[in-house]
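*Asks:* model this:
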Amino acid sequence: MLEKLAFVYSLTQIVIFDCLFVSAEEERKVKANDREYNEKFQYASNCIVTSKYNIITFLPVNLFEQFQEVANTYFLFLLILQLIPQISSLSWFTTIVPLALVLSITAVKDATDDYFRHKSDNQVNNRQSQVLIRGSLQNEKWMNVRVGDIIKLENNQFVAADVLLLSTSEPHGLCYIETAELDGETNMKVRQSISVTAELCDPNHLASFDGEVMCEPPNNKLDRFCGTLYWREKKYPLTNQNMLLRGCVLRNTEACYGLVIFAGPDTKLMQNSGRTKFKRTSIDRLMNTLVLWIFGFLVCMGGILAVGNAIWEKEVGFMFQSFLPWDPPVDNFLFSAFLSFWSYVIILNTVVPISLYVSVEVIRLGHSYFINWDQQMFCSQCNTAAEARTTTLNEELGQVEYIFSDKTGTLTQNIMTFNKCSINGHSYGMLNFTPLNPLADPNFCFYDEKLLESVKVGDLDTHEFFRLLSLCHTVMSEEKSEGELVYKAQSPDEGALVTAARNFGFVFCSRTPGTITTTEMGQTVTYSLLAILDFNNIRKRMSVIVRNPEGRIRLYCKGADTVLFERLQPCNQELITITSDHLNEYAADGLRTLALAYRDLSEEEWEAWSESHRMADKATDCREDRLAAAYDKIEQDMLLLGATAIEDKLQEGVPETIALLSLANIKIWVLTGDKQETAVNIGYSCKMLTDDMTEVFIINGHTVQSVRQELRSVYFIADLPKPLVFFQHTRTSKDVHLDKKKFQNVSGEFALVISGHSLAHALEADMEEEFLSTACACKAVICCRVTPLQKAQVVELIKKHKKAVTLAVGDGANDVSMIKSAHIGVGISGQEGIQAVLASDYSFAQFRFLQRLLLVHGRWSYLRMCRFLCYFFYKNFAFTMVHFWFGFFCGFSAQIALDTGFWTVFNHVFVWGSLGAFFTIMFALHSQTLFRNLPNQFHFVGSAQNTLLSPVVWLTIALATAICIVPVLAFRFLKLDLKPQLSDTVRKLKFSFISPLFLCFPRVSLYKEGSPLINCMVYHY
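*Replies:* A predicted model of the protein is given here:
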């Protein structure tokens, strides 16, 4: 388990390459068992490096990164000035200690993070893999695996690289994999080797395999692979069904062999891994800007005082040269003013002290603990509390404008339940249910005894209905113990349908490439599996053709009712009408519906179609189109059996949370890898899509031109204002502003649903603004069948053009790129592992906690931080202006008005005391214990602004100020009388002589050189 977590952690920390990098490689050539041939192409090795430092580079690189911060550079500059004795009246110790403390804490944190990166890198790179070298299998570390090597994989092992499946221990070259790391789906998928290599199961035979693969260059498309195998002077087409990708786990397969095609950073998993970015809040950017402006203000104050110093030294100071000469190397008033300028820069630097950044981090830490301690964000079902995994983004939570959410496991529980069904015009799903057979799933819940009775009495339509559900699917079964079946389905809804058939007596037991074995009402039946007609977004249906033990051939089909009804025999319109009514009722309840139908085939029909299907399957050009035409030809003239209704259970509170966030003017986009129908159904369930909407637009084009045409048709259908992006060659920055203004005033509610292949074109540079304008005019946006990288690209699009704070929330490995790209990443600790949590900034167990995170913690964190900054700058400006004003009374000599020790104590008492009091009061006000024990002491809970209206608060502030200042003033005056310095005595005598003389000689200049008054005074002294 630890090994798996280390592997997962490494995937979430990929920082060594840019995910948007486009390879310059045009075509990849790989020759099996020939390292010398493959090495001349300089393909990437399988070694992964995610760390940033080593022992030698850590100190210089880390310091360089830290001093890129404006504040750190500013304080380093002040430290250098304080080391110059001619201009510094403050000790350098007061700056170097806090600066070194801040740098050290950050360095320790960075070193700790990098240590874990090194540790996870070593664990992954040193994992063992069996590599075929010189005719024998040898254990090699993952980092030593090279492109062109043949490796052996065993059950439950991670796939080390992107490999071409050559052979397996299963019949017909089949193997089963789990792709949770790639697309977030925990269900098993089937992969099959090409027939010509399926028999190469022995290392001796594989050692002589010298085939050459020519394929596409490295890319991030998880669902596509195009290549050709050249072997024995023949060529064989390769597809994605022949590939095992890095990150997959081999399941239910004893062993398999594969040829490494892509390694390390070239693998599709790494191409989809987002780059780790340093996330900075708007408060941080504001503080950096303020530091620059305040530094300019500081320079201005220093300049004013330096000019004053020059004037004073020229007009007054030169008269004291005889007994108070300038310190070397000062030789004129201009150089004195120059040194005075830098002295005042040091003295007045308290306007932005380093304690500001320390205090801000302490406040953020306190806010993080508020999140961690929030009992209302604790999930008792999974015993998981909310966790703030970073302390730097709390106030940014209150500024979120766009939320990008995954669907499966984030909005839903990823649990499908068979809710209702319609069979031969009868609707079922209302009453209680009692299990029918010992193989029933104890967790299955269905409520209709009438349907159970119909199965028991042997109703033919009911039996055929559940027979179809037990045969028409791609589910894999695993018998963990006798009588205990576990289903592994590619989609949860398929698993729910097969489970429903199982509980009504039609149990799917096992399958091979050519057979399906079931138990029907206690009798074991084996069907010959003749063909599987796969589901895709265009067909919206799936079919199987089977031969029963009696030799009858039948096609079973399930799919969307809009597609299936077009292919039915028109003989029974009444049944079609009744079933349509039932489907509308189910859809109104937010259930996911499918229609079921079948067709009997004669032997001649089957043989003719089988030949045409075989020819289409072997075609090298337009293969997909030819297969689709063959499928469409056989799926005609079917008989309707009924319909199913499945509920994808939403997480608790999802509709309410989305409604509340929408009221806060936060836009929510759903980015999911699921098929379009599933995404739309969930959109209706969680109230993102409603029947009251004016229009729901679906973009499903496969070419650039078709996608652009569909986007532009939105404006004409919905009567939206046409954006000027239609005319790119005449577009100006003023036009862009007009576009945004128009779309803020769009009337009506619209929704946009776009598929992954259409989104790939919509995100191109010449169309992205057009897509963004269309999407922003809609209230809800759903992107389905998207890759992990596309999720990140959509987030980057909003960040680039809208300049808005974005938040991404997900629960699986396929959400990691999106989470890293957004300003704030939230991980849901669900059923798909902890990959998203490891990459996130905040984590909790339920989507509904998001409203409290944003609307409570985010809002209060932002308000508290803003008030603290106002208080802090007020305090420091007040103190700094004292020194500025004192400069006019000390001859602009850069002397300090207050003792540094006193100011240090004063600053610490007020800063840390105020912070401690603030968090103590806030914690007390939010403590349920105090409210419960002392209910009469808390008549109301008001906002912080109300406290400032109370006279008692201002009286307390005045008394506190007096208590702090009076001792200093008293000490100064008492010291002047009781223990005067020499300068105090001279000053007292001067005024005692000069004051009477002013009365006698008001017109005489007292300070004129050689004046008898001055001579008299000096003589007397």
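
*Asks:* Pro85 versus Gln895, what's the distance?
*Replies:* Separation of Gln895 from Pro85 (Cβ to Cβ, to the nearest Å): 15 Å. All C-beta spots, glycine's among them, are computed from the backbone N, C-alpha and C.

*Asks:* which one's more surrounded, the two?
*Replies:* Using other Cβ atoms under 10 Å, the more surrounded residue of Gln895 and Pro85 is Gln895, with 14 against 9.

*Asks:* which residues does the closest residue to Lys779 other than its chain neighbours contact?
*Replies:* On the basis of Cβ to Cβ, 6 or more residues apart in numbering, the spatially nearest residue to Lys779 that is not a chain neighbour turns out to be Glu749, at 4.9 Å. If you count contacts by Cβ atoms under 8 Å, 6 or more residues apart in numbering, Glu749 has them with 690, 692-694, 779.

*Asks:* who wins on neighbours among the residues you listed?
*Replies:* Neighbour tally across the contacts of Glu749 (other Cβ under 10 Å): the maximum, 18 neighbours, falls on Lys779.

*Asks:* wait, that one sits on Val696?
*Replies:* No. Using Cβ atoms under 8 Å, Lys779 makes no contact with Val696, being 10.3 Å away.

*Asks:* joint contacts of those two?
*Replies:* 750-751.

*Asks:* how near is Ala813 to Leu222?
*Replies:* Distance of Ala813 to Leu222, computed by Cβ to Cβ: 12 Å.

*Asks:* about what we covered before: quick check, pLDDT for the residue nearest to Lys779.
*Replies:* Predicted confidence (pLDDT) for Glu749: 79.

*Asks:* and Ala813 and Leu222? Which one has more around it.
*Replies:* Between Ala813 and Leu222, counted using other Cβ under 10 Å, Ala813 has the larger neighbour count: 28 against 23.

*Asks:* tell me where the model's unsure across the stretch 501-650 of the chain.
*Replies:* By pLDDT under 70, the weakly predicted segments of the stretch 501-650 of the chain are 537, 588, 590, 620.

*Asks:* quick one: the helices in it?
*Replies:* In order along the chain, the stretch 501-650 of the chain carries the following helices (DSSP state H, counting those that start in this stretch): 561-564, 573-588, 603-618, 623-634.

*Asks:* list the contacts of the third one.
*Replies:* Pointing back at helix 603-618 there. Helix 603-618 is contacted from outside by 530-531, 545, 553, 601, 623, 626-627, 629-630, 633-634, using Cβ under 8 Å, 6+ apart.

*Asks:* how about the contacts made by Arg134?
*Replies:* Residues near Arg134 by Cβ under 8 Å, 6+ apart: Ala207.

*Asks:* ok so, going back, what do Ala813 and Leu222 both touch?
*Replies:* With Cβ under 8 Å, 6+ apart as the test, Ala813 and Leu222 both reach 182, 788.

*Asks:* tell me what Leu596 is bridged to.
*Replies:* Per DSSP bridges, the residues bridged to Leu596 are Lys558, Gly642.

*Asks:* need the contact list for it.
*Replies:* Counted by Cβ under 8 Å, 6+ apart, Leu596 has contacts 465, 468-469, 556-558, 640-644.
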